[in-house]
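# what follows is a predicted protein model with its sequence.
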2 protein chains.
Amino acid sequence: MSLAIGLVGLGAIARAQHLPALEQVDGVHLAALASRNATLPDLPCYPDIDALLAAQPDIGAISLCTPPQGRFDQAMSVLRAGRHLMLEKPPGATVSEVEALREEAARRGLTLFASWHSRAAAAVDLARAWLAGQRLRAVQIDWREDVRKWHPGQQWIWQAGGLGVFDPGINALSILTAVLADPVRLISADLSVPEGRETPIAASLEMRTGAVPIGANFDWRETGDELWRIQFDTDEGRATLDQGGARFAIDGRVQPAADRSEYATLYARFRDLVARGERDVDVTPLRLVADAFLCGHTQQVEPFQEVPHG
Amino acid sequence: MSLAIGLVGLGAIARAQHLPALEQVDGVHLAALASRNATLPDLPCYPDIDALLAAQPDIGAISLCTPPQGRFDQAMSVLRAGRHLMLEKPPGATVSEVEALREEAARRGLTLFASWHSRAAAAVDLARAWLAGQRLRAVQIDWREDVRKWHPGQQWIWQAGGLGVFDPGINALSILTAVLADPVRLISADLSVPEGRETPIAASLEMRTGAVPIGANFDWRETGDELWRIQFDTDEGRATLDQGGARFAIDGRVQPAADRSEYATLYARFRDLVARGERDVDVTPLRLVADAFLCGHTQQVEPFQEVPHG
């Protein structure tokens, strides 16, 4: 039997990723939408999650794609209504609210899937398998993109709790913590916050796993080529996980990766978690970000303007 | 047999609390000290933890009282040397490093006790027991003291990772999360950071447990009467946990509390955890603080001067 899924939020990520994935994956189907502003043809559409839950008691699972700041109350409504829940990353505005959701889901015996889409990128499993046989020396993360391209006009990313450049950077951290065997801890952080904004436009982190140093540079001011890359230096050479996890190369030789879509993989996993009555709630990437704010040095940088000068 | 304990760090908290407690508690005794600058008469003293560990293989347990920023490497040395470990609060500069310590201790089958001294205050158990039978409506925390009195000349509290006013405030959070049955989540925070410093001198938090609102005001600028109080409003009345957890009153009637010292209680618990081969590592209070930095609004306030004007 196919799992009926209600989608909440119809922003850029929902249209570009969630809708096609829901078409593609066997055993799940889109059954309703909740959105303040948008509707979809030939689909029951509701103004908010509570209206959807009340009108559609047969929809057993909900996928939340709304921004993290207001998501907790929606998530709690879903669990209280006895429905399984999948969360777009990041799973919450704070670590403590995700822990509260985890406890609520466990108490009710419901599936909660805090998804990290980059972990489902095509070559991440290859990297994990290769690293298991290596002696690691150093890791370097470079994650550079243009905020104006990826978040045009979005204000929530600049407001407290919106994560700023950690919104993409947390994708790198989700991959990092998935491919390394030992825990990663934050050592120090430098956060560059534009004048008049509350979240960083750039950040550099120093981390460690065991004694191995891990550097990370996240930058939202890249107007040239995007770069979403993690380099691993080991006793035997250098491996590069590139294109946000889609491509893995060992000493320059690209390794054949599975042909798969991140979000199709996520929905297939959600379907399987529901079928097995399991949960998957890993807060590790969000915890590292919270640690960066907790112990990081903040410096003010020049104001960010949505439309650049010149 | 008495548990031999090596003490690391001989600052104000070690002299005022740890040394008397180690005298007082049956089944533990102070066997050595590591301190950069200080020594104690009639006791083996070492310049650092590694020297102590190397010279004293029979000391089975270490208690760390050094500031949180540099503590991880010391803690890891202790665990790698196969010794049990007790940590003064906060247990680390980041949540992720405490998780790494927890995993290391578990892998080695060692006791790790991340202590929260305020949880051992005389009336905290009374509050927990009373609240278990109550329907909670609201909680208000007020934690006000004079930083110049409690941290004279200490620079680490103002540096990134030093927590600022959360250094005392985390005591309130450690009590809060110990007396409430359900998880506490952070909703929003306002942090007041003095010009030229990196950590807040005051903070106000909005939290919730279930639907119950919890407010907290932490302030280090109080030069009058100190206040370390948590008020609980329930359907049946108001209870007040005061004096940092030492006094509990229901509708103004003070309840008889145990006559005990916080640190004696902690060392007795450490002794028992070691005897039972158990760990006690609750990061919840530190996680709430990290969440406050993660999603909080920061405002700059007037510079803090160690010696006030006038």
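Arrived safely. Since this is a predicted model, take the numbers as computed values, not measurements.
# could you find the residue nearest the spatial middle of chain A?
Using C-alpha atoms, centre = their mean, the residue of chain A that lies closest to the mean C-alpha position is A:K89, 3.3 Å off.
# am I right that it is in a helix?
No: counting by DSSP: H, G, I helix; E, B strand; the rest coil, A:K89 is not part of a helix but coil.
# residues near the closest residue in space to it that isn't next to it in sequence, how many?
Using C-beta to C-beta, 6 or more residues apart in numbering or on different chains and skipping residues adjacent in sequence, the residue nearest A:K89 is A:W116, 5.1 Å away. For glycine as for every other residue, the C-beta is placed from the backbone atoms N, C-alpha and C. Other residues near A:W116 number 28, with proximity taken as other C-beta atoms under 10 Å in any protein chain shown.
# list the contacts of A:W116.
A:K89, A:N171, A:S174, A:A178, A:D282, A:P285 (C-beta atoms under 8 Å, 6 or more residues apart in numbering or on different chains).
# now do the phi/psi pair for the fifth one.
Spelled out, that is A:D282. When read as degrees, to the nearest 10, the backbone of A:D282 gives phi -110, psi 110.
# if I look at it, how far off is A:L87?
Using C-beta to C-beta, to the nearest Å, one gets 11 Å for the distance from A:D282 to A:L87.
# overlap in contacts of these two?
With C-beta under 8 Å, 6+ apart, A:D282 and A:L87 have common neighbours A:A114.
# which one's more surrounded, the two?
Of the pair A:D282 and A:L87, A:L87 is the one with more neighbours under other C-beta under 10 Å, namely 25 against 16.
# so what's A:A160 closest to, chain neighbours aside?
Counting by C-beta to C-beta, 6+ apart, the residue nearest A:A160 is A:E198, at 4.4 Å.
# that neighbour touches B:C295, doesn't it?
No: counting by C-beta atoms under 8 Å, A:E198 stays clear of B:C295, with 9.4 Å between them.
# does A:D233 touch A:L131 like I think?
No: at 11.3 Å, A:D233 does not count as touching A:L131 under the criterion of C-beta under 8 Å.
# need the helices for the stretch 1-150 of chain A, in chain order.
Secondary structure of the stretch 1-150 of chain A by DSSP state H, counting those that start in this stretch: the helices cover A:12-13, A:19-24, A:49-55, A:71-80, A:95-108, A:124-131, A:147-150.
# quick one: contacts of the first one?
Contact with helix A:12-13 is made by A:C65, A:E88, as judged by C-beta under 8 Å, 6+ apart.
# please redo it, this time with the cut-off set to 10 Å
Contacts with helix A:12-13, where a contact means C-beta atoms under 10 Å, 6 or more residues apart in numbering or on different chains, come from A:C65, A:E88, A:K89, A:H117, A:W150, A:H151, A:P152, A:Q154, A:Y263.
# ok, of the residues you listed, which one's closest to chain B?
A:K89 (14.8 Å; C-beta to the nearest C-beta).
# number of nearby residues for the closest residue to chain B within the stretch 1-150 of chain A?
Closest contact between the stretch 1-150 of chain A and chain B, by C-beta to the nearest C-beta, is at A:T94 (3.8 Å). A:T94: 30 surrounding residues under other C-beta under 10 Å.
# ok, it - contacts?
A:T94 neighbours (C-beta under 10 Å, 6+ apart): A:68-69, A:72, A:100, A:161, A:283, A:286, A:290, B:185-189, B:207, B:287-288, B:290-292, B:294-296.
# redo the helices of the stretch 1-150 of chain A as JSON lines? Include mean neighbour count and mean pLDDT.
As requested, those are exported to JSON lines (neighbours: other C-beta atoms under 10 Å in any protein chain shown; pLDDT from 0 to 100):
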{"stretch": "helix A:12-13", "mean neighbour count": "13", "mean pLDDT": "90"}
{"stretch": "helix A:19-24", "mean neighbour count": "16", "mean pLDDT": "97"}
{"stretch": "helix A:49-55", "mean neighbour count": "18", "mean pLDDT": "98"}
{"stretch": "helix A:71-80", "mean neighbour count": "20", "mean pLDDT": "96"}
{"stretch": "helix A:95-108", "mean neighbour count": "20", "mean pLDDT": "97"}
{"stretch": "helix A:124-131", "mean neighbour count": "20", "mean pLDDT": "97"}
{"stretch": "helix A:147-150", "mean neighbour count": "16", "mean pLDDT": "93"}
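# what residues are shared contacts of A:D233 and A:L131?
Shared contacts of A:D233 and A:L131, defined by C-beta under 10 Å, 6+ apart, are found at A:V139, A:A239.
# rewinding a little: out of the contacts of A:W116, which is nearest to chain B?
The closest of those to chain B turns out to be A:P285 (C-beta to the nearest C-beta; 10.3 Å).
# quick one: the closest one is in a helix?
Yes: when three-state DSSP is applied, A:P285 is found to be in a helix.
# my guess is it contacts A:K89. True?
Yes: counting by C-beta atoms under 10 Å, A:K89 is a contact partner of A:P285 at 7.7 Å.
# list residues touching both of those two?
Residues touching both A:P285 and A:K89 (C-beta under 10 Å, 6+ apart) are A:A114, A:W116, A:S118, A:R119, A:I170, A:N171, A:S174.
# which residue is the nearest non-sequential neighbour of the third one?
Once flanking residues are discounted, A:S118 sits nearest to A:N171: 3.9 Å by C-beta to C-beta, 6+ apart.
# which residues touch that neighbour?
A:N171 makes contact with A:89-90, A:116-119, A:121, A:143, A:218, A:228, A:244-245, A:262, A:285, according to C-beta under 10 Å, 6+ apart.
# which ones among those lie within strands?
Using DSSP state E, the members of the contacts of A:N171 that fall in strands are A:W143, A:F218, A:W228.
# show me which residues of the stretch 151-300 of chain A sit near chain B.
A:159-163, A:166, A:177, A:182-191, A:193, A:198-199, A:207-211, A:283-284, A:286-298 (C-beta under 10 Å from any C-beta of the partner chain).
# just the residues you listed: which are in strands?
Per DSSP E, the subset of those in strands is A:184-191, A:193, A:207-209, A:297-298.
# out of those, who's the most crowded?
Busiest of these [other C-beta under 10 Å] is A:L186, holding 28 neighbours.
# what's the burial count for the closest residue to it other than its chain neighbours?
Nearest residue to A:L186 in three dimensions, chain neighbours excluded: A:D291, at 4.1 Å (C-beta to C-beta, 6+ apart). A count of nearby residues for A:D291, using other C-beta under 10 Å, gives 32.
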